[in-house]
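Peer 1: Here you go, sequence then predicted model.
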Amino acid sequence: MNRITPYMTGSARRQKPEARGAGSSTRARYAGMTSPGTLALATRGLRKSYGSRLALDGLDLSVPSGVVYGFLGPNGAGKTTTMRLLTGLLHPDAGEIELLGQPFTRADRRRLFDVGALVESPSFYPYLSGRANLGALAAAGGHVAKGRIDELLELVGLRERAKDKVSGYSLGMKQRLGIAGALLSDPKLLLLDEPANGLDPAGIVAMRETLRRLAAVGKTVFVSSHLLAEVQVLADVVGIIAAGRLVREGTLEALLNDQGVVRVRVDREQAEAAHAALEGMSPEPASASGGDEAWLIVHVEPSRAAEVNRRLAEAGIYASGLEAGTDLEPLFLELTGGGASSEGTMQGIVQ
Ligand code: ATP
């Protein structure tokens, strides 16, 4: 198999490199993706059917090293199927997978010791404690450093319950034990299918912090989710899948900036002058907001809200309302075929 050449898809490809990136290090990594070897995970043309049902239709993923990558898609989009292929639980009908810079094929399941995964619901011996279960997993797998089990129990917040039988664990505790199990061999790449399932809000926050910490020490965390809000607070880079194909991939910051919107409410009589004052920002035609006011929309980064306000003020126009935010939710719905029924996430600045 030829080495997979990193590339970007969708708007990620169209964007200026400096416009991408959740942080400067992510930005640099993403901009550098034209040189091979910087991807922790890549797929090209991945296809998989279950009988006559096509689940993956030529999936191309490019996951840079050292980031949290949010693999986002609605129910039935093909996320779990992708995870099963990446972990060798299923074999693709066509296409290529590269894990940690090396082709991953049928004969390579042993290599999964470099890759931690939590794909199906984790299964444990119910009559053993959490610690004993991790011990059993460690004994069955590759080399596990001394003290690793206690370190992981601490990391996932199960230290206090480590001696309790797993049969008495809640769903969320089992999920956390599963994440500890996936981390046993200190993998460079971690694959987690919907890890927030079954976790309470505190558990979700704790898991998010754990995953962010792993990325901060250079691990790559590939997390699937059908929840846009979850991915928005967790991921550096996002890939959106719909009907078995990747529809958008890029850094979260770039996707958000791409979808930035500033809306201003002005006196209806001043709408035309306001439109002219915002000319360089390609405002949409003013729309009535009821009464004597009108809304103007400009598609710029939310951080440019003050500039919008200043331009209006310089033209002697004072906004009675100003909102800045992103249209990521409508974009997600539109990309995944759900229709743009939401107003997105808007933050009122002046009401
Ligand atoms: P969810 O968010 O609901 O878990 P998903 O994105 O993980 O969805 P998959 O489970 O990968 O999606 O399913 C992709 C498609 O493949 C769906 O149409 C699903 O019905 C189908 N599918 C998945 N597993 C099987 C199976 N074992 N047999 C037949 N069809 C399947």
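Peer 2: It's in. Numbers count the residues shown, from 1 in each chain.
Peer 1: any idea how far stretch 253-263 is from the chain center?
Peer 2: Centroid separation between stretch 253-263 and its chain, computed with Cα atoms, centre = their mean, to the nearest Å, is 16 Å.
Peer 1: How far off centre is stretch 249-265?
Peer 2: 15 Å.
Peer 1: That one: end-to-end distance?
Peer 2: Separation of the first and last residues of stretch 249-265 by Cα to Cα, to the nearest Å is 33 Å.
Peer 1: Make 8 the starting number, not 1.
Peer 2: That works, and once the first residue is 8, the last one we named lands at stretch 256-272.
Peer 1: so what secondary structure elements neighbour the longest helix seen in the chain?
Peer 2: Longest helix in the chain by number of residues, with DSSP state H as the criterion: helix 208-223. Here helix 208-223 touches strand 75-79, helix 178-189, strand 196-200, strand 227-232, helix 235-241, going by 3 or more Cβ pairs under 8 Å, 6 or more residues apart in numbering; DSSP states H and E. Where you see a C-beta, it was placed from the backbone N, CA and C, and this is true even at glycine.
Peer 1: what's the fourth one in contact with?
Peer 2: Outside of strand 227-232, the residues within contact range by Cβ atoms under 8 Å, 6 or more residues apart in numbering are 47-48, 70-80, 86-87, 89-90, 93, 195-203, 218, 221-222, 238, 241-242.
Peer 1: Would you list the strands that that strand pairs with, along with their directions?
Peer 2: Strand pairing for strand 227-232, using DSSP bridges, gives strand 75-79 (parallel), strand 196-200 (parallel).
Peer 1: How far does whichever helix or strand comes after the first one sit from its chain's centre?
Peer 2: Scanning forward in sequence from strand 75-79, with DSSP states H and E defining helices and strands, the next element found is helix 86-93. Helix 86-93 sits 15 Å away from the centroid of its parent chain (Cα atoms, centre = their mean).
Peer 1: Averaged pLDDT, helix 86-93. What do you get?
Peer 2: The average pLDDT within helix 86-93 is 94.
Peer 1: Kindly state the pLDDT recorded for the residue of the stretch 108-257 of the chain found nearest the ligand?
Peer 2: Of the stretch 108-257 of the chain, the residue with the smallest distance to the ligand, taken as Cβ to the nearest ligand atom, is residue 233 at 4.5 Å. pLDDT recorded at residue 233 is 87.
Peer 1: I figured residue 318 hits residue 286, correct?
Peer 2: No: the pair residue 318 / residue 286 is not scored as a contact, 9.2 Å apart, by Cβ atoms under 8 Å.
Peer 1: Who has more neighbours out of the two?
Peer 2: Neighbours per residue (other Cβ atoms under 10 Å) separate residue 318 from residue 286, with residue 318 holding more: 19 against 9.
Peer 1: What values do phi and psi take at that one?
Peer 2: Note on residue 318: its backbone torsions stand at phi -60, psi -40 [degrees, to the nearest 10].
Peer 1: related to what we said a few turns ago, now what about the longest helix of the chain, what contacts it?
Peer 2: Outside helix 208-223, the residues that touch it by Cβ under 8 Å, 6+ apart are 73-75, 162-164, 179, 182-183, 186, 190, 197, 199, 202-203, 206, 228, 230, 237, 240-241, 243.
Peer 1: before we move on, back to that, so which of the strands paired with strand 227-232 is nearest residue 99?
Peer 2: Proximity to residue 99 (Cβ to Cβ) singles out strand 196-200 among these, at 15.5 Å.
Peer 1: Can the closest one be said to contact the ligand?
Peer 2: No: for strand 196-200, no contact with the ligand is found by Cβ under 6 Å from any ligand atom; the gap never falls below 7.2 Å.
Peer 1: before we move on, back to that, next, format the helices and strands packed on helix 208-223 as JSON lines and append mean neighbour count.
Peer 2: Shown next, in JSON lines, are the helices and strands packed on helix 208-223 (neighbours: other Cβ atoms under 10 Å):
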{"stretch": "strand 75-79", "mean neighbour count": "27"}
{"stretch": "helix 178-189", "mean neighbour count": "23"}
{"stretch": "strand 196-200", "mean neighbour count": "23"}
{"stretch": "strand 227-232", "mean neighbour count": "25"}
{"stretch": "helix 235-241", "mean neighbour count": "19"}
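Peer 1: Including distance to residue 61, could those go into a markdown table?
Peer 2: Listed next are those as a markdown table, based on distance: least, Cβ to Cβ, whole Å:
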| stretch | distance to residue 61 |
| --- | --- |
| strand 75-79 | 18 |
| helix 178-189 | 29 |
| strand 196-200 | 20 |
| strand 227-232 | 19 |
| helix 235-241 | 24 |
